[in-house]
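[1] pasting the sequence and the predicted coordinates here, then a few questions.
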Amino acid sequence: MEVTGMPAAQRPWLTLSILCAGFFMALLDGSIVNIAVPSLIADIHASYDEVLWMIDAYLLVFSTLLITTGKLGDIFGYRRLFLTGVSIFTMASVLCGLSASPGQLLAARILQGIGAALLFPQVISSILVTFPPPMRGRAFGVFGAIAGFAPIIGPVLGGLVLAHLTWRWIFFINAPIGVMILVLALVFIPDLRPSRTHRIDLGGVALVTAGLSCIVFGLIEGRRYGWGKIGGPIGITSLIATGVMLLLLFVIWQRVQRGEPLMPWELFTSERNFPAGNWIGFVFQFGMIGISLVLVLYLQMARGFSPLRTGLVLLPNAALTAVGSAFAGRVSDRVGGRLVLMTGLAALSVGLAVLALTAGADSGVRHLLPGLLIIGLASGATFAPLQQVTMDHVDTRLAGAASGVANTTRQIGGVMGTAVMGVLLSTRLNAALHHEARKHAGELPPQLRAQFIDTATTNGHRFSPPPPPHGLPPAETSLLTHLGQKTFAAAYTTAMQTTLLTSAAILAAAALFCLTLKPQTRKRPSPEKTTTKTKH
């Protein structure tokens with residue numbers, strides 16, 4: 001890859017550090033909000049469904065725009081799109097913190113999702129045009145460390161903020177960080193873009209955005225609507241089917257149009273490992289995406305940990321993910337990403353199985369640590385090589401498009417995984433709650449038993465212990481509260497174990513899919529030039 005002007009390779013690690021700071025800020029916000037759910041319900045009187053939408057709207061907007069924003073980076077330059085994304089995200093964070101109602105917070109979260117979608121693909125694209133192939137494993141190792149660290153550290157930082165400040169500061173804290181990133185990016189990041197002029201495929205943008213929106217909305221909202229009707233003739237199934245049809249039309253349009261496609265078909269025909277890497281990424285996200293929330297609910301709702309203590313329990317896992325990712329990137333440069341990726345996915349499957357077998361309704365932290373430590377190291381050994389094997393042989397002129405497609409594929413896998421694992425967890429929890437409630441009801445006076453069983457079972461969808469009825473004597477209220485917590489802890493642990501073992505099986509399958517990857521060979525420099533503009 002030949003670079004004109006002042007090469008970014010003179011200071012690639014500084015460039016990557018600034019880009020990853022913006023990426024970390026956006027990724028952190030996807031998980032840190034989970035820890036503030038009780039505070040949001042109490043402070044701005046948000047309903048449970050409204051809080052879920054504040055979380056899901058961010059994911060919906062982010063997931064559906066990645067292909068388009070990746071291509072926009074090819075057209076307007078990766079630095080320009082990165083700066084635009086950070087600016088929007090920072091402004092939206094301030095609006096989130098100032099929100100006085102659930103509707104205002106929801107609108108600001110949607111704006112945050114747009115900003116995150118704009119900046120996210122530019123990080124991977126910049127790695128491809130900044131680092132030569134022999135150094136990309138280490139670069140993707142840093143990227144992978146951030147990708148694995150941010151979702152896990154989110155509850156830790158959220159717990160610290162909520163322990164001393166209000167929920168608004170989980171958003172306000174982004175303002176000074178965002179301004180600092182903008183200044184550093186303007187001063188130190190060169191304007192990288194392929195020298196070839198690109199055009200935007202408006203028809204493709206419309207089809208892929210509408211198709212992904214239908215699918216992602218249907219998967220996110222499916223459980224809330226019982227996978228049935230939303231309103232009038234529109235139902236979850238018909239919405240997802242419409243999305244699939246629109247995506248099929250998008251694929252056909254990409255094949256037959258004579259202009260420049262939004263998703264170049266050569267990515268799937270001439271790029272060695274891009275199709276297989278995307279499939280592995282899809283399965284990986286499908287099996288892994290919901291694990292963090294499952295563990296947070298277990299620690300807080302079943303074990304009664306505070307948000308801060310929950311975060312601290314998960315902190316070693318996050319640290320090992322970061323360390324493991326940086327180390328895996330270096331190893332991938334030496335032995336190739338396929339072997340490291342397969343090993344990481346297999347170890348991740350083992351770690352989830354160990355956690356499922358050691359977690360109990362009354363388990364202490366020491367019981368959970370072996371599984372969490374294995375998961376941390378294995379996650380670190382997965383993120384970096386997955387990026388490397390997927391993107392390493394992509395031509396730099398297709399960097400933005402490839403980054404958008406790869407990230408969208410994984411996001412859709414994550415959304416599908418969240419939906420499927422959520423249904424599995426909820427279904428298994430309701431069954432286990434009924435069983436546990438019947439078992440513990442014998443400890444209650446006869447007149448309270450039927451109501452206790454009914455309340456415990458119907459409260460499963462909220463993932464919280466059943467509340468005692470109002471107006472009872474203090475002794476009976478205390479007894480019902482104790483038995484409700486005991487019943488929920490046992491039932492949720494059973495449901496979590498089933499979910500973790502299912503995820504372990506899915507990740508074991510992803511490890512086997514690595515056999516479809518072709519061994520990596522050193523890539524010859526691309527004749528495509530990439531311009532580096534020194535004028536900021």
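    Arrived safely.
[2] can you pull out the strands in this structure?
    Assigned by DSSP state E, the chain shows strands spanning 2-4, 191-194, 229-231, 234-235, 529-533.
[3] now do the contacts for residue 309.
    159, 299 (Cβ atoms under 8 Å, 6 or more residues apart in numbering). Where C-beta positions appear, they are placed from N, C-alpha and C, glycine not excepted.
[4] from residue 488, how far out is it?
    According to Cβ to Cβ, to the nearest Å, residue 309 stands 18 Å off from residue 488.
[5] worst mean pLDDT among the strands of the chain?
    Of all the strands of the chain, strand 2-4 carries the lowest average pLDDT, namely a mean of 38.
[6] residue 513 reaches residue 278, doesn't it?
    No. Counting by Cβ atoms under 8 Å, residue 513 sits too far from residue 278 to count as a contact (10.8 Å).
[7] out of the two, which sits in the busier spot?
    Neighbour count, other Cβ atoms under 10 Å: between residue 513 and residue 278, residue 278 has more, with 22 against 18.
[8] find the nearest non-adjacent residue to that one, please.
    residue 409 (4.5 Å; Cβ to Cβ, 6 or more residues apart in numbering).
[9] how about the helices of the stretch 351-500 of the chain, start to end?
    365-391, 399-440, 446-458, 474-513 (DSSP state H, counting those that start in this stretch).
[10] how far does the longest one sit from its chain's centre?
    What it means is helix 399-440. 12 Å (Cα atoms, centre = their mean, to the nearest Å).
[11] same question for the last one.
    Relative to the chain's own centre, helix 474-513 is displaced by 22 Å; criterion: Cα atoms, centre = their mean.
[12] buried stuff in that helix?
    For helix 474-513, the neighbour count (16 or more other Cβ atoms under 10 Å) marks 476, 479-480, 483-504, 506-511, 513 as buried.
[13] ok, back up a step: the residue nearest to residue 278 and residue 280 touch, don't they?
    No. Contact between residue 409 and residue 280 fails when scored by Cβ under 8 Å: they sit 9.8 Å apart.
[14] give me the more crowded residue out of those two.
    The residue with more neighbours, out of residue 409 and residue 280, is residue 280; 30 against 21, by other Cβ under 10 Å.
[15] quickly note the distance from the more buried one to residue 475.
    Taking Cβ to Cβ, one finds residue 280 at 57 Å from residue 475.
[16] please apply the same query to residue 74.
    69 Å.
[17] picking that back up, any chance of the helices of the stretch 351-500 of the chain in JSON lines, with mean pLDDT and distance to residue 230 too?
    Below are those laid out as JSON lines (pLDDT from 0 to 100; distance: least, Cβ to Cβ, whole Å):
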{"stretch": "helix 365-391", "mean pLDDT": "83", "distance to residue 230": "35"}
{"stretch": "helix 399-440", "mean pLDDT": "78", "distance to residue 230": "15"}
{"stretch": "helix 446-458", "mean pLDDT": "69", "distance to residue 230": "23"}
{"stretch": "helix 474-513", "mean pLDDT": "84", "distance to residue 230": "26"}
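[18] can you check the pLDDT for residue 11?
    Note for residue 11: predicted pLDDT of 78.
[19] and the closest residue to it other than its chain neighbours, how close does it get to residue 340?
    Nearest residue to residue 11, sequence neighbours excluded (Cβ to Cβ, 6+ apart): residue 188, at 7.0 Å. Look at residue 188 and residue 340: by Cβ to Cβ, they are 31 Å apart.
[20] ok, those two, which is more surrounded?
    Higher neighbour count among residue 188 and residue 340: residue 340, with 27 against 14, using other Cβ under 10 Å.
[21] what distance do you get for the residue nearest to the more buried one when sequence neighbours are not counted to residue 344?
    By the measure of Cβ to Cβ, 6+ apart, the closest residue to residue 340 outside its immediate chain neighbours is residue 385, 4.3 Å from it. As judged by Cβ to Cβ, residue 385 and residue 344 stand 7 Å apart.
[22] now the common contact residues for those two.
    residue 328.
[23] neighbour-wise, which of the two wins?
    Per other Cβ under 10 Å, whichever of residue 385 and residue 344 has more neighbours is residue 385, with 33 against 30.
[24] now the more buried one: how far from residue 319?
    Residue 385 is 20 Å from residue 319, by Cβ to Cβ.
[25] cool, residue 224 as well?
    For residue 224, the distance to residue 319 - Cβ to Cβ - is 35 Å.
[26] again with residue 225
    40 Å.
[27] and the pLDDT for residue 396?
    67.
[28] for residue 5, that is, sorry about that
    With respect to pLDDT, residue 5 has a value of 36.
[29] and what of the one 3 residues further on?
    Residue 8 is assigned a pLDDT of 43 by the prediction.
[30] repeat that for residue 317.
    77.
[31] which residue packs closest to it, ignoring adjacent ones?
    Take residue 317 and drop its neighbours on the chain: the residue closest to it by Cβ to Cβ, 6+ apart is residue 376, 4.0 Å away.
[32] report the contact partners of that neighbour.
    Taking Cβ under 8 Å, 6+ apart as the test, what residue 376 contacts is 316, 317, 318, 319, 320, 321, 324.
[33] ok, so of those residues, who is nearest residue 243?
    residue 321 (32.5 Å; Cβ to Cβ).
[34] check contacts around the spatially closest residue to residue 247 that is not a sequence neighbour.
    Nearest residue to residue 247, sequence neighbours excluded (Cβ to Cβ, 6+ apart): residue 211, at 4.0 Å. Residue 211 makes contacts with 242, 243, 244, 245, 246, 247, 249, 250, as judged by Cβ under 8 Å, 6+ apart.
[35] and if you look at residue 92?
    For residue 92, the contacting residues are 108, 109, 111, 112, 114, 115, by Cβ under 8 Å, 6+ apart.
[36] what of residue 277?
    386, 389, 390, 391, 406, 517.
[37] find the pair from the residues you listed with maximum spatial separation.
    406 and 517 (14.2 Å).
[38] look at these two and report which has more neighbours.
    residue 406 (26 against 22).
[39] how close does the more buried one sit to residue 124?
    Using Cβ to Cβ, one gets 7 Å for the distance from residue 406 to residue 124.
[40] overlap in contacts of these two?
    Shared contacts of residue 406 and residue 124, counting by Cβ under 8 Å, 6+ apart, come down to 387, 391.
[41] give the contact list for the residue lying closest to residue 488 once chain neighbours are set aside.
    Setting aside the residues directly before and after it, residue 488 is nearest to residue 465 in space (Cβ to Cβ, 6+ apart), at 4.0 Å. By Cβ under 8 Å, 6+ apart, the contact set of residue 465 is 301, 459, 481, 484, 485, 487, 488, 489.
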